[in-house]
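[1] Based on what follows, work out the 3D shape:
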Amino acid sequence: MPARAHVVVVGDVVLDADVDGRVERLSPDAPVPVVDVTGRRESPGGAGLAALLCAAGAQVTLVAPVADDAAGARLAAQLERHLTLVRLPHQGGTRTKTRIRSGGQSLVRVDDGGPGAPGDLDAEAREAVREVLAAADAVLVSDYGAGVTRDPALRDLLATAACRRPVVWDPHPRGGEPVVGATLATPNLAEARGACGEDAPPDVLAARLAAGWGVRAVCVTAGATGAFLAAAGTEAVFVPAVSAAGGDPCGAGDQFAATVTVALAGGALPSEAVERAVVDASAWVAAGGAEGYRARLAAAA
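    The predicted structure follows:
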């Protein structure tokens, strides 16, 4: 059996928490529901989720800031069951997204922790990242806006990697632009319009961003419509999505980026990787999105 490809994921991690409960009454001191808690689940989010999705088809190393606190320890322990973790310094406490749920519906989400940006990287940390990137068959940059993609040292290392191996860049509005020479950037339609500053069709946006960012290609994902792949100076190729009406799209972008990266690591062409990713993203939505995945992860623990 051939060895599995090695994918390195670089990005911002989050701890996702789901508090499940029942609502049977309102609070006497305010017109808000009282949630009687029946259970709590935690799982990696952000680049942590993207890395776990890559681990379904590849050997994975995750490079990410992880806070030195109790939540960070739990997050690291969950990740290390499935992949190799290279911990970077982390500013502030663990970024946590807590969803309060009842009857399968989210009532409110509480975010705390952070800012989550990388702390100062010493020479030893930079060398560790350099060695990991040099051993990768492909790299996924999973940007969740906390600062990894704006860090000058990490950007330099990623730019060097992009000259030598496939680099997929999944951007965020608060993150840095993809490094020049990246193989593929995967913004969704809203992110692409924000980056271009105009409300243009997705095929036009893909070609313009490829030229403006200096990357080899851009794939604009448009939800249930499908994806539009273009290199600079070329017309976009449209890949339609399989219908998944009524599903939860949360996390579909992570699944899309993970599938693309694993496919490129295995030698697929970008067009082939995008076709596989559209199918996998549609299946992800049909299976319940991020909430469905977190429930399955908890059941398997």
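[2] Run through the bridge partners of the nearest residue to V86 once chain neighbours are set aside.
    Spatially, and ignoring its direct neighbours in sequence, V86 is nearest to V63 (4.5 Å; C-beta to C-beta, 6 or more residues apart in numbering). (Each C-beta comes from the backbone N, C-alpha and C, glycine too.) Beta-bridge pairing for V63 (DSSP bridges): V10, V86.
[3] my guess is V63 contacts L83, does it?
    No - between V63 and L83 there is no contact under C-beta atoms under 8 Å: 10.7 Å.
[4] of those two, who's got more company?
    V63 (27 against 19; other C-beta atoms under 10 Å).
[5] pLDDT score for the more buried one?
    What the model reports as pLDDT for V63 is 98.
[6] now for whichever helix in the chain runs longest, which elements pack on it?
    Across the chain, the longest stretch assigned as helix under DSSP state H is helix 270-286. Helices and strands touching helix 270-286, by 3 or more C-beta pairs under 8 Å, 6 or more residues apart in numbering; DSSP states H and E, are strand 184-185, strand 218-221, strand 226-230, strand 237-240, helix 252-265.
[7] Out of the ones you listed, the one nearest S27 is which?
    Among the helices and strands packed on helix 270-286, the nearest to S27 by C-beta to C-beta is helix 252-265 (35.3 Å).
[8] by contact count, what packs against that closest one?
    strand 6-11, helix 47-54, strand 138-142, strand 167-170, strand 218-221, helix 270-286.
[9] re earlier: and the angle for the longest helix of the chain with helix 252-265?
    150 degrees (axes from the mean of the first three to the mean of the last three C-alpha atoms, to 10 degrees).
[10] so how far is helix 270-286 from its chain's centroid?
    Its chain's C-alpha centre and that of helix 270-286 lie 15 Å apart, by C-alpha atoms, centre = their mean, to the nearest Å.
[11] Skip ahead from that helix and say which helix or strand is next.
    Proceeding N to C from helix 270-286, the next assigned helix or strand is helix 289-300, under DSSP states H and E.
[12] That next one packs against which elements?
    strand 13-26, strand 33-46, helix 47-54.
[13] Could you rerun that using 6 Å?
    In terms of contacts (3 or more C-beta pairs under 6 Å, 6 or more residues apart in numbering; DSSP states H and E), helix 289-300 is packed against strand 33-46.
[14] What mean pLDDT does the strand it packs on get?
    Average pLDDT, strand 33-46: 94.
[15] Sheet partners, orientation included, of it?
    Here, using DSSP bridges, strand 33-46 pairs with strand 13-26 (antiparallel).
[16] Give me the buried positions along the strand it pairs with.
    V13, V14, L15, D16, A17, D18, V19, D20, G21, V23 (16 or more other C-beta atoms under 10 Å).
[17] Got the phi and psi for A67?
    phi -70, psi 150 (degrees, to the nearest 10).
[18] re the thing from before, I'd like to know how far the residue nearest to V86 sits from A298.
    V63 is 26 Å from A298, where distance means C-beta to C-beta, to the nearest Å.
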